[in-house]
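Asker: Quick one: sequence plus predicted model below, questions after.
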Amino acid sequence: MDYYDPFPPGRRRQKKPNRASVFFAGMGGVLAGAGLVWGLFIAAPGLIPGQDSGAAATAVTGEAEPLVQTATTITTDVTEAVDVAAEAVVGVTNLQTAGNFWSDSEEAQAAGTGSGVIYKVENGTAYVITNHHVIDGASEVEVTLTDGSKVAAEILGSDIWTDLAVLSMDAERVGTVAELGDSSTLNLGEPVIAIGSPLGLSFFGSITTGVISGLERVVPVDLNADQVTDWQAEVLQTDAAINPGNSGGALINLDGKLVGINSMKVATSTVEGIGFAIPINSVIPIIESLEATGTVERPAMGVTLVDLMEVPQSYRASEFGLPADVKSGVVIESVIEGTPAAAAGLQPSDVIVEMDGEAVDNMLELRQHLYNETQIGDTLMVSAYRNGELMEFELVLTDSADM
């Protein structure tokens, strides 16, 4: 979820090479030499009063005054907010086990870096929010604090759907905990500050500023790189620069309060200044669940699915017996034994077209209805075609963790 590309492969626009698109510009110091200019004045005979014409010419030299540096401390709303929150933002290193070329042993090596935010300290343990994609696949996780010290961390839980994860670590060296804000009070144009480690730990604690460019944005998310939208994330839009390595870092307001977790940006050379953060009000219930149980409780039916649109047109009538006017829906690939779907009588090749009276055109709409409009223990009404006949099924939803 690090990048959102509005022009996926196959629909991507052709672009001309652009010298202005250099990803990272080298930085060189420029030393300006202020040379002393010696003023030499030779007096002509008779021009200097009190001297006779036979007097020797006298050279007059001028010396430049030494430069004076003035120290000025400038305090702004931004610097004050950064002072409040910056030390709660950490670096997160994803360590994965790899073979050692020189021996038969395996060792943990850095596979990637991101950012995180310390949001709680309790009984000597510090808790860190980061993104799921930052720690995905890690065998070990290491947290870097603002003083440069590195602390081993444990993954308490992560959630691919919301792209959130919770880490725990020893709190001995932790000095600052982020104060959680209220993202529902944010206004368009309100200044915000992004803190994180863009491009890795070399730029640890980088600060960028911007404004809230959009509220309640809905961004399509492809979780398995198959060019199919699996989910839609509801996010804040900001023009504060968010780059690789910023993921999991803090988006704060001018009070220094955490209002979002930086997550992704638009990845195309034709777009600048569009980054996204997960609103803190959406984050809180997820991290509370991850901290307590390691998972996020969500209702489940007990089926595996595929979009009807992915099934060739020629098979839809022959395999499923669908009427010609049924062009969308979700096909059941398999039914897990002992689940609500099995108890309700759903079978492979059934084509779901409605849930609780609402049309279901694809898996995204099915998930949105299931996760956003139902709870564990609710009764779900499913309308599905079987061999051309529309049938009704009633099932009681269970916890996905129980399957």
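Answerer: That came in fine, so what should we check first?
Asker: Mind jotting down where the helices sit in the stretch 301-403 of the chain?
Answerer: 313-320, 340-344, 363-373 (DSSP state H, counting those that start in this stretch).
Asker: Out of the ones you listed, flag the one nearest residue 215.
Answerer: Evaluated over these, closeness to residue 215 peaks at helix 363-373, with 17.9 Å, by C-beta to C-beta. Just so you know, the C-beta spots here come from the backbone N, C-alpha and C atoms, and that holds for glycine as well.
Asker: now the closest one: how far from the chain's centre is it?
Answerer: The chain centre lies 23 Å from the centre of helix 363-373; the measure is C-alpha atoms, centre = their mean, to the nearest Å.
Asker: What are the contacting residues of that helix?
Answerer: Surrounding helix 363-373, the residues in contact under the criterion C-beta atoms under 8 Å, 6 or more residues apart in numbering are 161, 229-232, 298-301, 305-307, 330, 352, 355-356, 358-360, 380, 397.
Asker: Give the ChimeraX command for selecting the buried subset of those residues.
Answerer: Buried residues among those (16 or more other C-beta atoms under 10 Å), as a ChimeraX selection:
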select :161,231,298,299,300,301,305,307,330,352,355,360,380,397
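Asker: Just the contacts of helix 363-373: which are in strands?
Answerer: For those, the ones inside strands are 231-232, 299-300, 305-307, 330, 352, 355, 358-359, 380, with DSSP state E as the criterion.
Asker: Provide the backbone phi and psi angles at the residue nearest the centre of the chain.
Answerer: By C-alpha atoms, centre = their mean, the chain has its centre lying nearest to residue 263, at 1.1 Å. The phi/psi pair for residue 263 (degrees, to the nearest 10) reads phi -130, psi -50.
Asker: How confident was the prediction at it?
Answerer: Residue 263 is assigned 92 on the pLDDT scale.
Asker: So which other helices or strands are in contact with the longest helix seen in the chain?
Answerer: Across the chain, the longest stretch assigned as helix under DSSP state H is helix 280-293. When contacts are defined as 3 or more C-beta pairs under 8 Å, 6 or more residues apart in numbering; DSSP states H and E, helix 280-293 packs onto strand 125-130, strand 150-159, strand 164-170, strand 258-266.
Asker: Domain map for this protein?
Answerer: Annotated domains of the chain cover 79-100+107-170, 183-293, 299-402 [automatic domain parsing].
Asker: one step back: tell me which of the helices of the stretch 301-403 of the chain is the most buried.
Answerer: helix 340-344 (a mean of 20; mean count of other C-beta atoms under 10 Å).
Asker: so where's the chain shaky on pLDDT?
Answerer: Scanning the chain for pLDDT under 70 picks out the ranges 1-62, 99-105, 267.
Asker: show me where the stretch 1-150 of the chain has helices.
Answerer: For the stretch 1-150 of the chain, the helices defined by DSSP H, counting those that start in this stretch occupy 77-85, 132-135.
Asker: which of the ones you listed is buried the deepest?
Answerer: helix 132-135 (a mean of 24).
Asker: To residue 73, which of the domains of the chain lies closest?
Answerer: domain 79-100+107-170 (9.4 Å).
Asker: distance between the ends of that closest one?
Answerer: Taking C-alpha to C-alpha, to the nearest Å, domain 79-100+107-170 runs 29 Å from one end to the other.
Asker: Then stretch 136-151?
Answerer: Taking C-alpha to C-alpha as the measure, stretch 136-151 stretches 18 Å from start to finish.
Asker: Buried residues, that stretch. List them.
Answerer: Result for stretch 136-151 [16+ other C-beta under 10 Å]: buried residues 136, 138, 140, 141, 142, 143, 144, 145, 146, 151.
Asker: can you give me phi and psi for the first one?
Answerer: The reference is to residue 136. Dihedral angles for residue 136 - degrees, to the nearest 10 - are phi -60, psi 130.
Asker: Surely it and residue 158 touch.
Answerer: Yes. Using C-beta atoms under 8 Å, residue 136 is in contact with residue 158, at 7.2 Å.
Asker: any chance of the ones in strands among the contacts of helix 363-373 in a markdown table, plus distance to residue 81?
Answerer: Below are those laid out as a markdown table (distance: C-beta to C-beta, whole Å):
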| residue | distance to residue 81 |
| --- | --- |
| 231 | 32 |
| 232 | 31 |
| 299 | 39 |
| 300 | 42 |
| 305 | 45 |
| 306 | 48 |
| 307 | 45 |
| 330 | 46 |
| 352 | 48 |
| 355 | 44 |
| 358 | 43 |
| 359 | 46 |
| 380 | 45 |
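Asker: coming back round to it: quick one: residues in contact with the longest helix of the chain.
Answerer: Residues contacting helix 280-293 (C-beta under 8 Å, 6+ apart): 119, 127, 129, 156-159, 162, 164-166, 180-184, 234, 258-261, 295-297, 401.
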